[in-house]
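S.K.: 3D model of this:
(one chain, ligands or ions: 1)
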Amino acid sequence: MEKRRVAILGSTGSIGRQALDVIRQHRDMFEVELLTANNSADLLISQAIEFDANNVIICNQQKYRQVADALEPHYIKVFAGMQSVCDLVQGSNIDIVLTSMVGFSGLESTIAAVKAGKTIALANKETLVAAGQIVMNMATEHRSRILPVDSEHSAIFQCLMGSAGADIEKIHLTASGGPFRTWEREAIAKATREQALNHPNWSMGSKITIDSATMMNKGLEIIEARWLFGTPGEKINVVVHPESIIHSMVEYADGSVIAQMGHPDMREAIQFAFSYPYRLPLDNRKLNFAELGRLTFSAPDTEKFPALKLAYEALEKGGNMPCIMNAANEAAVSAFLDGRIGFYDITDTVSSCMESVEFIGAPDIDAVFGTNEAALAAAAQHINKISR
Ligand code: MG
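M.R.: Purely as a prediction, here's the structure:
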């Protein structure tokens, strides 16, 4: 394998840090070209020095001086602002772009990388939820390969590798069920921020952890799978699998089901997107089936977790509806994390915005950005009305 030059957008977040751990184990295979962060200047500085990055971007302009002064003696170039991310990500010195920013804010720079024909290691699922059709068309046009980093989608991608060209009969998307899987609806309604942030299996950032508690994360993943694999919603089945050992499965016309397994560790999916189609060693925990003993499965409870229903609805409606859902969810999760609204207010806000924000059947990219703004505003209004 020829050495690959990597850009990590969002290097100080959970995925970004795990990606650097992958690179730390394979310094002869991967080179860090570009690191970007929103606010975490200190960590960004130490990462840039350790991996001898070529370029670094701190999105928060106010922290530019601090980062630039610290990296000047190391001859590392420092830039500020979101526009710099869109510019530098297109550089000819970059092979792979890991998109590990949080939420809709990742869309602009992902589009820039796709247009430059880069290989995208996609960790920012909101990009495909908000603008799936547009981004996939762009990827085809600019010959940009999009490789999934989401563990479920990496699993599906790997399950498909053995049956090239065969039609997918069904995707079985596994879900841990989150921290409230066994709780009663009345108890979930009173859940606190701390309880919702306590995910049983995966260690992740706060936005995605709340999404896991509401199961909106699985809703977003249904839509992400639709665009990555061209599979319509009715062929995507969610199954609750609390052990998170099977990361997802593909069923074929003959009834044969292929699963991909491992202990929950995001580095596995990150590394495979970086090294594809090759496989490299990794210092992760290996499966011991005799020790595992059994794996369990159940159907999701959509009364307790209405986010799943909303996502199927948004996908079926199409157009800008998934974008509305995503924006309202981002606003509501942030309000929940701030203690302004209760747990079920998150999905109530989403549902209200899906009814009130103007529907557009075939949005272009400007309409996607406009929808995001409109849905954020509608969500803010709804949250103000109900917040305590
Ligand atoms: Mg996932």
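S.K.: let me see the ranges of the helices in the stretch 51-200 of the chain.
M.R.: Using DSSP state H, counting those that start in this stretch, the helices of the stretch 51-200 of the chain run over residues 64-71, 82-88, 107-115, 126-141, 151-161, 185-189, 193-196.
S.K.: can I get these in JSON lines including mean pLDDT, mean neighbour count and distance to Ile58?
M.R.: C-beta coordinates here come from the backbone N, C-alpha and C atoms, glycine included. Converted to JSON lines, these look like this (pLDDT from 0 to 100; neighbours: other CB atoms under 10 Å; distance: least, CB to CB, whole Å):
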{"stretch": "helix 64-71", "mean pLDDT": "98", "mean neighbour count": "17", "distance to Ile58": "5"}
{"stretch": "helix 82-88", "mean pLDDT": "97", "mean neighbour count": "18", "distance to Ile58": "9"}
{"stretch": "helix 107-115", "mean pLDDT": "97", "mean neighbour count": "24", "distance to Ile58": "14"}
{"stretch": "helix 126-141", "mean pLDDT": "97", "mean neighbour count": "21", "distance to Ile58": "22"}
{"stretch": "helix 151-161", "mean pLDDT": "97", "mean neighbour count": "23", "distance to Ile58": "29"}
{"stretch": "helix 185-189", "mean pLDDT": "97", "mean neighbour count": "13", "distance to Ile58": "39"}
{"stretch": "helix 193-196", "mean pLDDT": "94", "mean neighbour count": "15", "distance to Ile58": "28"}
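S.K.: and the residue of this protein closest to the ion?
M.R.: Per CB to the ion, Asp150 is where the chain lies closest to the ion, at 4.2 Å.
S.K.: and that residue, what is it in contact with?
M.R.: Going by CB atoms under 8 Å, 6 or more residues apart in numbering, Asp150 touches 122-123, 125, 221, 224, 269.
S.K.: and these, which is closest to Ala335?
M.R.: Closest approach to Ala335 among those (CB to CB): Lys125, at 20.7 Å.
S.K.: what does the chain put close to the ion?
M.R.: Residues of the chain that fall close to the ion, judged by CB under 5 Å from the ion: 150-152.
S.K.: wait, which of the residues you listed is closest to Ile341?
M.R.: So of the residues of the chain next to the ion, ranked by how close each gets to Ile341 (CB to CB), first place is Asp150, at 26.6 Å.
S.K.: and the closest one, what pLDDT?
M.R.: Reported pLDDT at Asp150 in the predicted model: 96.
S.K.: for Gly205, same thing?
M.R.: The pLDDT attached to Gly205 in the predicted structure is 84.
S.K.: run through the residues that contact it.
M.R.: Contacts of Gly205 by CB under 8 Å, 6+ apart are 13-15, 102.
S.K.: at 6 Å what do you get?
M.R.: 13-14 (CB atoms under 6 Å, 6 or more residues apart in numbering).
S.K.: quick one, phi/psi of it?
M.R.: Dihedral angles of Gly205 (phi, psi; degrees, to the nearest 10) stand at phi -70, psi 170.
S.K.: and the contacts of Asp150, which are buried?
M.R.: Among the contacts of Asp150, those scoring as buried are 122-123, 125, 221, 224, 269 (criterion: 16 or more other CB atoms under 10 Å).
S.K.: what about the residue of the chain closest to the ion, distance to Glu221?
M.R.: The gap separating Asp150 from Glu221 is 6 Å, by CB to CB, to the nearest Å.
S.K.: what do you get for Thr36?
M.R.: Per CB to CB, Thr36 is found 24 Å from Glu221.
S.K.: kindly report the same for Leu292.
M.R.: Distance, Leu292 to Glu221, by CB to CB: 24 Å.
S.K.: with Cys159 instead?
M.R.: From Cys159 across to Glu221, the span is 15 Å (CB to CB).
S.K.: what pLDDT is listed against Met1?
M.R.: Model confidence at Met1, given as pLDDT, is 85.
S.K.: and for it, nearest residue in space, chain neighbours not counted?
M.R.: Excluding its sequence neighbours, the residue lying closest to Met1 (CB to CB, 6 or more residues apart in numbering) is Tyr278, at 5.1 Å.
S.K.: run a quick neighbour tally on the one you found.
M.R.: Other residues lying near Tyr278 total 9 when counted by other CB atoms under 10 Å.
S.K.: wait, doesn't it sit right on Glu2?
M.R.: No - counting by CB atoms under 6 Å, Tyr278 stays clear of Glu2, with 10.5 Å between them.
S.K.: okay, and the common contacts of those two?
M.R.: Among the neighbours of Tyr278, none is also in contact with Glu2 (CB under 6 Å, 6+ apart).
S.K.: what's the local residue count around Asn384?
M.R.: Residue crowding around Asn384 was assessed by other CB under 10 Å; the count is 10.
S.K.: can you check Phe289 too?
M.R.: Neighbour count for Phe289, taken as other CB under 10 Å: 10.
S.K.: much appreciated, bye for now.
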